[in-house]
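A.B. asks: coordinates only, sequence not included:
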């Protein structure tokens, strides 16, 4: 029995995470292929957790204020500015672990792939899987908002109300003439 942990980002495009998303697509594809080839004797489960409060972001820093030589020394101004990801959509690690274990012990025919996330991650994966045109339209709307927040605030907005706030801010900037386009 093989259980691999990939990511929901292996189900569809994810702005600000192109390399990570591509690696999770590859991982998912490899293990689904392995399951198809060796399914007569090997059970393969692919677990796709969404945003989980693992502390991953605690070690992420803004490239402009991080040292260029790979050391942990401070930047020239003496400040390392951590990047921020909105924690409100993240699942607690303990819950994620319990759900992973429960997917491992379920019947083989039901558990070849498990999606483990809170909303809006679950909506995201449903749309990517069952409504790809709608998913693409929403991704094309959300991507510029996330990129704008990343550039402006060094924040990765995972929380839908935060993204809607950025949309409102972008609309106000456009209406006031502070922006040349409706989207950043």
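C.D. replies: Everything's here; your move. Predicted, not measured: the structure shown is a model, and the values here were computed from it.
A.B. asks: so where's the longest strand in this structure?
C.D. replies: strand 44-49 (DSSP state E).
A.B. asks: which of the residues in that one are buried?
C.D. replies: 44-49 (16 or more other Cβ atoms under 10 Å). To be clear about C-beta, it is placed using only N, CA and C from the backbone, and glycine gets the same treatment.
A.B. asks: show the model's pLDDT score for residue 167.
C.D. replies: Residue 167 is assigned a predicted lDDT (pLDDT) of 79.
A.B. asks: how many residues are close by it?
C.D. replies: 17 (other Cβ atoms under 10 Å).
A.B. asks: circling back: now compare the buried residues of strand 44-49 and name the two farthest from each other.
C.D. replies: Using Cβ to Cβ, those reach their maximum pairwise distance at 44 and 49, which is 16.8 Å.
A.B. asks: could I get the full set of helices for the protein?
C.D. replies: 18-38, 93-105, 121-130, 132-153, 160-175 (DSSP state H).
A.B. asks: which among these is found nearest to residue 3?
C.D. replies: Short answer: helix 93-105, nearest of the helices of the chain by Cβ to Cβ, at 5.5 Å.
A.B. asks: packing partners for that closest one?
C.D. replies: strand 2-5, strand 44-49, strand 113-116 (3 or more Cβ pairs under 8 Å, 6 or more residues apart in numbering; DSSP states H and E).
A.B. asks: give me the contacts around the longest strand of the chain.
C.D. replies: 1-8, 10-11, 24, 27-28, 31-32, 34-35, 38, 91, 96, 100, 103-104, 111-117, 125 (Cβ atoms under 8 Å, 6 or more residues apart in numbering).
A.B. asks: who does the closest residue to residue 35 other than its chain neighbours form a beta bridge with?
C.D. replies: Spatial nearest neighbour of residue 35, excluding adjacent residues (Cβ to Cβ, 6 or more residues apart in numbering): residue 44 at 3.7 Å. Taking DSSP bridges, one obtains residue 2 as the residues bridged to residue 44.
A.B. asks: distance check, residue 44 against residue 96.
C.D. replies: 20 Å (Cβ to Cβ, to the nearest Å).
A.B. asks: about what we covered before: export the helices and strands packed on helix 93-105 to CSV and tack on mean pLDDT and distance to residue 17?
C.D. replies: Shown next, in CSV, are the helices and strands packed on helix 93-105 (pLDDT from 0 to 100; distance: least, Cβ to Cβ, whole Å):
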stretch, mean pLDDT, distance to residue 17
strand 2-5, 92, 16
strand 44-49, 92, 14
strand 113-116, 88, 17
